[in-house]
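In: sequence and predicted structure below; questions after.
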Amino acid sequence: MTVKKPGGLAGIEAGETAISTVGKNGLGLTYRGYAIEDLAEHGSFEETAYLLIRGKLPNVDELAAYRRKLAAASSLPEPLRRILELLPADAHPMEVLQVGCTALGTMEPETESRTAADIADRLLAATGPMLLHWYHYHRQGEAEETPGAEPELLKADTDDGADPQADATADAASGSSESAAEDAFDMDNYTVAGHFLYLLHGRHAEHIAVRVFDISLILYAEHEFNASTFAARVTASTLSNYYSSIATGIGTLRGNLHGGANEAVMELITQFDTPEEAAAATRARLAAKQLIMGFGHRVYTVSDPRSDIIKKWSETLSLWAEDSHLYPVSEAVEHVMRQEKNLFPNLDFYSASAYHFLGIPTSMFTPIFVVSRITGWTAHVMEQRQNNRLIRPTAAYVGPESLPWLAMHERR
Ligand SMILES: CC(=O)SCCNC(=O)CCNC(=O)[C@H](O)C(C)(C)COP(=O)(O)OP(=O)(O)OC[C@H]1O[C@@H](n2cnc3c(N)ncnc32)[C@H](O)[C@@H]1OP(=O)(O)O
Ligand SMILES: O=C([O-])CC(=O)C(=O)O
C-alpha cells in the first residue's frame, strides 16, 4: 500500500537554516536567535537588514555607515527611470518591481566585487524609489488618489505653503535625474521607511508613521522556508545569479495565498461599513467554503506573533484615521474566524488596515513586502550558496502508463 504524501510539501523538512525559526511550539519567530518582539520593539529595519544579511547586529558606527550606504544606494540611474516610465500605467506593481530589479541587474551586474550583499543593500534602498517613480510618473496631474489619505494628525507640518506632493510628482514626471522629493529629503537621517513615505506623500511623515512603517518592514523581513524564499533558494541552487533569485522571489510572493493576501484583505474589509455587516458576510463566506484572506498559516498553529504586533499599531493609527471603522470591522472578521474556524490572523490581516491608515495605496502593499523580504531572500540565497546542492525533488508519477504510439491520423 502506498502512503499518500501531504500536498504542498506540508510538514516536510526541506533543508537546514540558521537564519530564522518559525512556529516553534506552534508560535514564536526569531531572526538569527533574536525574538521578533524584541526586534520590533527595540530595533530598526536597517538593524534587522544588517542582522539578516551580515549575520550580526551592527554597532553604532556600523549602523551609521550602513544608513549612509543605503541613502547613497537609493537613487535610480537615469536609464532605469526611463525604463520604468515606459511601463504601462496599469502594469501590475509587482511586475514593475520585477522589471526594475532585473533591469538594474543588467546595469549593475553581480561580480566578485559587487557581491550579493552589496546588491541586496542597493535593492532594499532602491525598490521603493523604483515603484514610486513609476507610480508618480503615470499619475502626473491626477488628483491625489491615495485612499483615505494620510490622517491629519500624522501629517508633518509643511511651512512653505507649496504643494510638495505636486512638486515631487511633476519633477518625477519631468524626468530630472534627482526628483525634488529626493533633493529635499533629509538624507542625514535616512531610513528606508522614512524615505518611502516621503517619496509617496512628498513630505516628511510624522515620527509615529515612520516608526509603524519601520516595524512592519521588520515583521515582513524573513520567514524561513516560505514559498517565495524557497523558490529563491531553488533558483540559487542552479548556480543562477543573485538578481534571478530576487525576480523568482517577487513572482512567487505575488500570489494571494502568500504576499498578495495583504491587498486581498484590504479589498475584503473595505466592503463593510459596520462590524455587524462584516461578521455576517464572513459567516456567509465561510458557509460558501470561501477563503478569508489574512487568516491561517502553514506553520503556525496557535498564532502568528507578528499579527499581535501590527494589530496593536493598526488600532493606534485608527484613532486618527478618517475611516477608523475599518479597525472594528477587522476585529469583527477576526472574531468570526476564531469562533467558526479556530483560525487566527496572520501578518497580512492587520497590516492591510495599518498601511491604509498610513495613506498607502492598496496596490503598494505587496510591493512593500518585497522591499522588506529582499533581506530574507538574500540571507537564504547566501546560505544556499555556502553549502549548495541542486534542489530537485522527485515526483510520484500518477499519469497513464505504456500507451501505444498514435499516428497523426489516429489522434482525436
Ligand atoms: C505573509 C504570508 O504569506 S501569510 C499567508 C497569507 N495567505 C493568506 O492569508 C491566504 C489565506 N490563507 C490560506 O489560504 C491558508 O491558510 C494558507 C495558504 C496560508 C495555508 O494553507 P494550508 O497550510 O495549505 O492550509 P489548508 O488549506 O490545508 O487549511 C486547513 C483548513 O483550514 C481552512 N482554512 C485555512 N485558511 C483559511 C482561510 N483563510 N479561510 C477559510 N478557511 C481557511 C482550509 O479550508 C482547511 O479546511 P478543511 O480542512 O475543512 O479543508
Ligand atoms: O511562512 C509562510 O508560509 C508565509 C509567511 O508568513 C511569510 O512568508 O512571511
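Out: Noted; the coordinates are in hand. Numbers count the residues shown, from 1 in each chain. Ligands and ions are numbered 1, 2, ... in the order given.
In: and the closest residue to residue 21 other than its chain neighbours, what does it touch?
Out: Counting by CB to CB, 6 or more residues apart in numbering, the nearest residue to residue 21 once its immediate chain neighbours are dropped is residue 30, at 4.8 Å. The way it works is simple: take the backbone N, C-alpha and C, and place the C-beta from them, glycine included. By CB atoms under 8 Å, 6 or more residues apart in numbering, the contact set of residue 30 is 20-21, 36.
In: in PyMOL, how would I select the buried members of those?
Out: In PyMOL, selecting the buried portion of the contacts of residue 30, with burial taken from 16 or more other CB atoms under 10 Å, looks like this:
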select buried, resi 20+36
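In: and the helix or strand containing the residue nearest to residue 21, how far from the chain's centre?
Out: Secondary-structure assignment from DSSP states H and E places residue 30 in strand 29-31. In terms of CA atoms, centre = their mean, to the nearest Å, the centre of strand 29-31 is set 17 Å apart from its chain centre.
In: repeat for stretch 379-386
Out: Its chain's C-alpha centre and that of stretch 379-386 lie 20 Å apart, by CA atoms, centre = their mean.
In: do the same with stretch 100-111
Out: For stretch 100-111, the distance to the chain centre is 20 Å (CA atoms, centre = their mean).
In: and that stretch, average pLDDT?
Out: When pLDDT is averaged over stretch 100-111, the result is 98.
In: list the buried ones in it?
Out: Within stretch 100-111, the residues that qualify as buried by neighbour count (16+ other CB under 10 Å) are 100-101, 103-105, 108.
In: ok, for residue 25, nearest residue in space, not its chain neighbours?
Out: Residue 25 sits nearest to residue 302 (CB to CB, 6+ apart), 7.8 Å away.
In: work out for me the element that neighbour sits within.
Out: Counting by DSSP H and E, residue 302 is part of no helix or strand.
In: go ahead and confirm it touches residue 344.
Out: Yes: with the criterion set as CB atoms under 8 Å, residue 302 and residue 344 qualify as a contacting pair; they are 7.4 Å apart.
In: list the contacts of residue 391.
Out: If you count contacts by CB under 8 Å, 6+ apart, residue 391 has them with 14-15, 233-234, 237.
In: tally of neighbours for residue 138?
Out: Look at residue 138: counted by other CB atoms under 10 Å, it has 18 neighbours.
In: coming back round to it: turn the buried residues of stretch 100-111 into JSON lines, including secondary structure and distance to residue 61.
Out: Formatted as JSON lines, the entries for these read as follows, by DSSP: H, G, I helix; E, B strand; the rest coil; distance: CB to CB, whole Å:
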{"residue": "100", "secondary structure": "helix", "distance to residue 61": "32"}
{"residue": "101", "secondary structure": "helix", "distance to residue 61": "30"}
{"residue": "103", "secondary structure": "helix", "distance to residue 61": "34"}
{"residue": "104", "secondary structure": "helix", "distance to residue 61": "28"}
{"residue": "105", "secondary structure": "helix", "distance to residue 61": "31"}
{"residue": "108", "secondary structure": "coil", "distance to residue 61": "26"}
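In: quick one: those residues as JSON lines, columns for distance to ligand 2 too.
Out: Formatted as JSON lines, the entries for these read as follows, by distance: CB to the nearest ligand atom, whole Å:
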{"residue": "100", "distance to ligand 2": "21"}
{"residue": "101", "distance to ligand 2": "18"}
{"residue": "103", "distance to ligand 2": "26"}
{"residue": "104", "distance to ligand 2": "24"}
{"residue": "105", "distance to ligand 2": "23"}
{"residue": "108", "distance to ligand 2": "27"}
